[in-house]
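*Asks:* I would like to see how this sequence folds:
(one chain, ligands or ions: 4)
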Amino acid sequence: MRTLKNANISPLEKALIEDFGLTPADDAKPKKIPLWQRVVGGVAAAAFYAMTLFGAGAALQACDDNVNNTPVAVSGSATDGPYVNGSEVTLVELTNSLVPTTNTIIQWTDDLGRYSAELSRNTKYMGSVDGFNFDEIAGRPSTAPVDLRGFFEIGSSPGAEYNINDVTHLIAERVKYLVDSGTAFDDADTQALNELLSELDMVVSTPGCHAYEMDIVSGANDCDNFLLAVEILVRGYAHARAEATGDPVDATLQDLINSAALYFKNSGTMSDDFKNGLRAAAADTDIVQAVQNLADYFAARGMATVPDADAVIDSDRDGTPNSLDDDIDGDGVLNVDDSDPRNPNVRAGAWCDPDTALCWQYEPPATTYALPDAIAYCDGLELDGSTEWRLPTIDELRTLVRGCPDSEMGGACEIIDGCNADCDSSPCFSCEFMETECYLPEAIPGCTGWARSSSVIADRPDHSWVINFETAHVAGSYSQLGDNSVPASVRCVR
Ligand SMILES: [Ca+2]
Ligand SMILES: [Ca+2]
Ligand SMILES: [Ca+2]
Ligand SMILES: [Ca+2]
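*Replies:* Residues are numbered from 1 along each chain as shown. Ligands and ions are numbered 1, 2, ... in the order given. The predicted structure is shown next:
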């Protein structure tokens, strides 16, 4: 790429132009454009670039005297979550072919990401924003700046809104590509959004607007709901991926949306990785909490309305959005009967471990049982539409241990079903007592002390193997609890 030498182009503008691969055709010539008047200068620059890049025909079109390019007061908001006070919005005036002119306006946002500016009527712009923004999922500002961009065409109405958001960012490269291929801007913008919509099967929506008309800050129509849904899902994906890689969340988010926009550019499709990431986010993200976090942020700034992400997010991808779905997580248990209606692994009183496919009694009974009574209790249990419950073996019970590798099933502790008492000499008590937490999966409550298994110790049949989930200690009942007649906690399995 050529270096830009034009003194009229600021470093920021230069960076934007280079980001987009929109280098002017000739470095020196823009200096010859009379810039004595901004609007006229913009039209002249448009004509210049159009002439050099696309020939005289396009230039004549750009010089059409019938087009009213006088300035009009407009506003908009930059959101990926709202941007914080003083975030920088850069508005670069473009030719009809989306080639940058030298006319650039920089504005700073308020704490809802809102900006205002006087822009040329009937003229296309690239808007971009740089700054920190509110992370709806974490409920706090981002820890690094996130850049977004978008294209729009200013109409003739004063007060109209032109927003910069995740959706404008995701489709920007594609819009530019389509315009470069000869599609009119408005058609390109509509086509790109429709293509994006058809790729997102975790969102059920027909927004009926341009991406730059979507806004989470000042409304809750279907367009705004769609935008908030995409912002939450992209952010949810970024959080999950950052957790898996150990990378920072905001850098991960930036990488995800930039890579997705680039993939989308030529194909009009999203990668399987991106779609799967958003699908997982639709199922796993606490959408209610994310919307509440945003509502709290708005309320602190005197705003009552927040878009309804659940009106368009379809967590179980059955075609019905969450707000209309009587079984949101698609686990076959209606919301009203579901111990956790947002989590398909938690059903009516049961939690199914995705790692083992074993389903567990969600909450253990308050009563403790001697071994024969524990076996009878589980055999007689009716829960979650099933009577197939049993007292777990020690092998099954050890699959519930989390956070103590020796005691987890397959760890160094050698106590398994069928063992003699000498298995107990292996490292089965290597973790600390936890006062407030428990060595159980986060998804289930009930940090009991000693819990029974059905595994009787082979050479001491009046005793059996037990686990204390407060210490992850796997032991023979003879040393810790007493024989099979002593009551202990129970959690049935199927
Ligand atoms: Ca659904
Ligand atoms: Ca459903
Ligand atoms: Ca359900
Ligand atoms: Ca559920």
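
*Asks:* Where does residue 414 sit, in terms of helix or strand?
*Replies:* For residue 414, there is no enclosing helix or strand under DSSP states H and E.

*Asks:* Now the residue nearest to residue 171 when sequence neighbours are not counted: which helix or strand?
*Replies:* Using Cβ to Cβ, 6 or more residues apart in numbering and skipping the chain neighbours, the partner closest in space to residue 171 is residue 192 (3.9 Å). Where C-beta positions appear, they are placed from N, C-alpha and C, glycine not excepted. Counting by DSSP H and E, the element that carries residue 192 is helix 185-199.

*Asks:* That helix packs against which elements?
*Replies:* strand 146-154, helix 166-180, helix 249-267 (3 or more Cβ pairs under 8 Å, 6 or more residues apart in numbering; DSSP states H and E).

*Asks:* what's the angle between that helix and helix 166-180?
*Replies:* 130 degrees (axes from the mean of the first three to the mean of the last three Cα atoms, to 10 degrees).

*Asks:* re earlier: make a markdown table from the helices and strands packed on helix 185-199 and add mean pLDDT and distance to ligand 1 to it.
*Replies:* What follows is the helices and strands packed on helix 185-199, written out as a markdown table (pLDDT from 0 to 100; distance: least, Cβ to the ion, whole Å):
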| stretch | mean pLDDT | distance to ligand 1 |
| --- | --- | --- |
| strand 146-154 | 97 | 29 |
| helix 166-180 | 98 | 21 |
| helix 249-267 | 98 | 23 |
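
*Asks:* burial of the residue nearest to residue 171, as a residue count?
*Replies:* 28 (other Cβ atoms under 10 Å).

*Asks:* doesn't residue 168 make contact with it?
*Replies:* No: using Cβ atoms under 8 Å, residue 192 makes no contact with residue 168, being 9.8 Å away.

*Asks:* Need the overlap of contacts for these two.
*Replies:* residue 211 (Cβ atoms under 8 Å, 6 or more residues apart in numbering).

*Asks:* in which helix or strand would I find residue 466?
*Replies:* strand 460-468.

*Asks:* what packs against the next helix or strand after that strand?
*Replies:* As assigned by DSSP H and E, the chain's next helix or strand after strand 460-468 is strand 473-476. Strand 473-476 sits against strand 460-468, with contacts defined as 3+ Cβ pairs under 8 Å, 6+ apart.

*Asks:* centre of the chain versus the strand it packs on, how much separation?
*Replies:* Put simply, strand 460-468 sits 46 Å off its chain's centre (Cα atoms, centre = their mean, to the nearest Å).

*Asks:* just stretch 425-432 next, same as before
*Replies:* Distance, stretch centre to chain centre, for stretch 425-432: 39 Å (Cα atoms, centre = their mean).

*Asks:* got a list of contacts for that stretch?
*Replies:* 403-404, 406-407, 412-415, 439, 471-475.

*Asks:* Show me how to select, in ChimeraX, the buried members of those.
*Replies:* To isolate the buried ones among the contacts of stretch 425-432 in ChimeraX, judged by 16 or more other Cβ atoms under 10 Å, type:
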select :404,406,407,413,415,439,471,472,473,474,475
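
*Asks:* For residue 261, state which of the contacts of stretch 425-432 is nearest.
*Replies:* residue 403 (39.0 Å; Cβ to Cβ).

*Asks:* JSON lines please, covering the helices and strands packed on helix 185-199 and showing mean neighbour count and distance to residue 460.
*Replies:* Shown next, in JSON lines, are the helices and strands packed on helix 185-199 (neighbours: other Cβ atoms under 10 Å; distance: least, Cβ to Cβ, whole Å):
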{"stretch": "strand 146-154", "mean neighbour count": "24", "distance to residue 460": "62"}
{"stretch": "helix 166-180", "mean neighbour count": "24", "distance to residue 460": "62"}
{"stretch": "helix 249-267", "mean neighbour count": "18", "distance to residue 460": "52"}
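
*Asks:* could these be laid out in a markdown table, adding distance to residue 71?
*Replies:* A markdown table is the format used below for the helices and strands packed on helix 185-199 (distance: least, Cβ to Cβ, whole Å):
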| stretch | distance to residue 71 |
| --- | --- |
| strand 146-154 | 9 |
| helix 166-180 | 22 |
| helix 249-267 | 30 |
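
*Asks:* Contacts only, for the spatially closest residue to residue 465 that is not a sequence neighbour.
*Replies:* Of all residues not flanking residue 465 in the chain, residue 394 sits nearest, at 3.9 Å (Cβ to Cβ, 6+ apart). Neighbour list for residue 394: 415-417, 419, 453, 455, 464-465, 467, 474 [criterion: Cβ under 8 Å, 6+ apart].

*Asks:* separation between the closest residue to ligand 1 within the stretch 51-200 of the chain and ligand 4?
*Replies:* At 13.8 Å from ligand 1, residue 200 is the closest residue in the stretch 51-200 of the chain, using Cβ to the ion. Distance check for residue 200 against ligand 4: by Cβ to the ion, to the nearest Å, it reads 23 Å.
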